[in-house]
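Trainee: no sequence on this one, just coordinates:
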């Protein structure tokens, strides 16, 4: 019997350099010690779902921990299938600065940009 090496698990979320720099800045400027940012999704908005972000002091028992470009992002376990393959970016324009999620599971978005329709990723891949 030969042992097989499991294939590496893909990261649920990857970060652009701009997103990693902003997460690093948030962590460094926090008044209290935080591990990173927790990202998830919740029901709501005119398109059905919206992304959530909050400070994470610790990893919760079933969080998916993503280490990318020297920063930590924790993924709420209920959001993993909705975020699988997502690239997290940080964009600055004349009127706003915000995190943007380039999500292959997004099927539509509302006109105001505050909510999205997401389909869970298939586990068959």
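Mentor: Great, that's in hand. Since this is a predicted model, take the numbers as computed values, not measurements.
Trainee: average pLDDT for the one helix or strand residue 37 maps to?
Mentor: Residue 37 belongs to strand 36-43 when elements are defined using DSSP states H and E. On average, the pLDDT along strand 36-43 is 91.
Trainee: Residue 74 contacts residue 40, doesn't it?
Mentor: No: contact criterion C-beta atoms under 8 Å: residue 74 and residue 40 do not qualify, at 9.0 Å. Glycine gets a C-beta too; all of them are placed from N, C-alpha and C.
Trainee: Which positions are bridged to the spatially most central residue of the chain in the beta structure?
Mentor: For the chain, the residue sitting closest to the mean C-alpha position, by C-alpha atoms, centre = their mean, is residue 39 at 4.7 Å. Going by DSSP bridges, residue 39 is paired in beta bridges with residue 53, residue 75.
Trainee: Let's test this: mean pLDDT of the lengthiest helix in the chain, rounded?
Mentor: Using DSSP state H, we find that the single longest helix of the chain is helix 17-29. Across helix 17-29, pLDDT averages out at 95.
Trainee: all strands for the chain, in order.
Mentor: 13-15, 36-43, 49-56, 64-68, 71-75, 86-92, 97-102, 106-109, 116-118 (DSSP state E).
Trainee: Give the other helices and strands that the strand holding residue 37 contacts.
Mentor: Here strand 36-43 is seen to pack against helix 17-29, strand 49-56, strand 71-75, helix 80-83 when contacts are counted using 3 or more C-beta pairs under 8 Å, 6 or more residues apart in numbering; DSSP states H and E.
Trainee: So for residue 100, which of those sits nearest?
Mentor: Among those, the nearest to residue 100 by C-beta to C-beta is helix 17-29 (8.4 Å).
Trainee: now the angle between strand 36-43 and the longest helix of the chain, please.
Mentor: 110 degrees (axes from the mean of the first three to the mean of the last three C-alpha atoms, to 10 degrees).
Trainee: Great, nothing more from me.
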